[in-house]
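*Asks:* The following comprises the amino acid sequence and a computationally predicted model.
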Amino acid sequence: MDQCCCSGKTKHRTPEEHRQLCNRLSRIEGQIRGLKEMLEKDAYCPDILIQVSAATAALNSFSKELLASHIKTCVADNIRHGNDEVIDELVCVLQKLMK
């Protein structure tokens, strides 16, 4: 049984899942660097804001993908094994994500 990635727990990911998540984060990292460059080049505020929105959307998409994977694997496996505490953990995570 895989364990989730909260409070000292770990989550084994397939090489493909790991690669996809890392690629997404690398693209987001590039977007953030681009924002900094725009600021350093005195880019027009609305242009920067549009790029901030794109980076925010990319982070939200990453979060949705990771959350879906967590629910399908960690949460489902824990419930199947009688560990209903994982539901409280999921509710707590969702509350933090929805701030």
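*Replies:* Arrived safely.
*Asks:* quick one: contacts for residue 28?
*Replies:* Contact partners of residue 28, counting by Cβ atoms under 8 Å, 6 or more residues apart in numbering, are 55, 58-59, 62. For the C-beta atoms, the positions are set from N, CA and C on the backbone; glycine is no exception.
*Asks:* Next one: it from residue 79, what distance?
*Replies:* Residue 28 sits 31 Å away from residue 79, going by Cβ to Cβ, to the nearest Å.
*Asks:* So the residue of the chain most remote from its centre: helix, strand or coil?
*Replies:* Distance to the chain centre peaks in the chain at residue 42, reaching 30.1 Å (criterion: Cα atoms, centre = their mean). With DSSP: H, G, I helix; E, B strand; the rest coil as the basis, residue 42 sits in coil.
*Asks:* if we can go back for a sec, Throw the contacts of residue 28 into TSV and include pLDDT and distance to residue 18, thanks.
*Replies:* Converted to TSV, the contacts of residue 28 look like this (pLDDT from 0 to 100; distance: Cβ to Cβ, whole Å):
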residue	pLDDT	distance to residue 18
55	98	22
58	97	18
59	96	18
62	97	13
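*Asks:* Now, of those residues, which are buried?
*Replies:* 55, 58, 62 (16 or more other Cβ atoms under 10 Å).
*Asks:* The last one and residue 22 touch, don't they?
*Replies:* No: using Cβ atoms under 8 Å, residue 62 and residue 22 do not qualify as a contacting pair, with a distance of 10.6 Å.
*Asks:* Determine which two of the contacts of residue 28 are furthest apart.
*Replies:* 55 and 62 (10.6 Å; Cβ to Cβ).
*Asks:* for the residue most central in space within the chain, what are its contacts?
*Replies:* Centroid-nearest residue in the chain: residue 63, 2.9 Å away (criterion: Cα atoms, centre = their mean). With contacts defined as Cβ under 8 Å, 6+ apart, the neighbours of residue 63 are residue 97.
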